[in-house]
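> Using only what follows, build the 3D model:
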Amino acid sequence: KHSRVAMLATTGYLVQATGAHFPGMLSSDTSFESLSTMNPFDAWEAVPLAGKAQIIGTIFVAELYTESKGTHYTKGGPLPEIVFPKFDFSNIDADVLEKKRCRELNNGRLAMIAIMSFISANNIEGSVPLLTGNPAF
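The predicted structure is shown next:
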């Protein structure tokens, strides 16, 4: 689950850093275009409080839903599955499925390193030499 969140965070950061944005207005006084000209951390600061509350509230509901089902996965229950749309993996060879799960896990680990590097580069100048001087940070 943490790997998937890190992959979403990394993708979101990179999309925001490219300047891609939705058309229209985020609120009555904030346009998506104005946020796309900022680095992702400054853009988050510019989001109105009501927008931040909606995002955090949605995350809270999703966490509450997945964490409160039966026996928790840390206590022997099944691993949480959040896949939209739901895919049927029953007809895939077990070896192929295991290989793909390992790839997803490794990609998630890389995404965790990437998002932490982005955060470090934004907050501590020169901490990630490869990202020094990049306007997204």
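
> CA only for contacts and neighbour counts going forward, please
OK.

> quick one: the lengthiest helix in the chain to chain centroid distance?
Using DSSP state H, we find that the single longest helix of the chain is helix 94-123. How far helix 94-123 lies from its chain's middle: 11 Å, per Cα atoms, centre = their mean, to the nearest Å.

> quick one: buried residues of it?
105, 107-112, 114-115, 117-122 (16 or more other Cα atoms under 10 Å).

> Does anything pack onto the helix or strand containing residue 45? Which helices or strands?
Element membership of residue 45 [criterion: DSSP states H and E] is helix 40-46. Identification of packing neighbours for helix 40-46 by 3 or more Cα pairs under 8 Å, 6 or more residues apart in numbering; DSSP states H and E yields helix 2-18, helix 32-36.

> Give me the pLDDT value at residue 7.
Looking at residue 7, its pLDDT stands at 91.

> Burial check on it, number of neighbours?
If you count neighbours by other Cα atoms under 10 Å, residue 7 ends up with 21.

> The one 4 residues further on too?
The burial metric for residue 11, expressed as a neighbour count using other Cα under 10 Å, is 15.

> From the buried residues of helix 94-123, which one has the minimum pLDDT?
Per-residue pLDDT puts residue 122 lowest of those, at 82.

> Chain neighbours aside, what residue packs nearest to that one?
Residue nearest to residue 122 in three dimensions, not counting chain neighbours: residue 137, with 4.7 Å by Cα to Cα, 6 or more residues apart in numbering.
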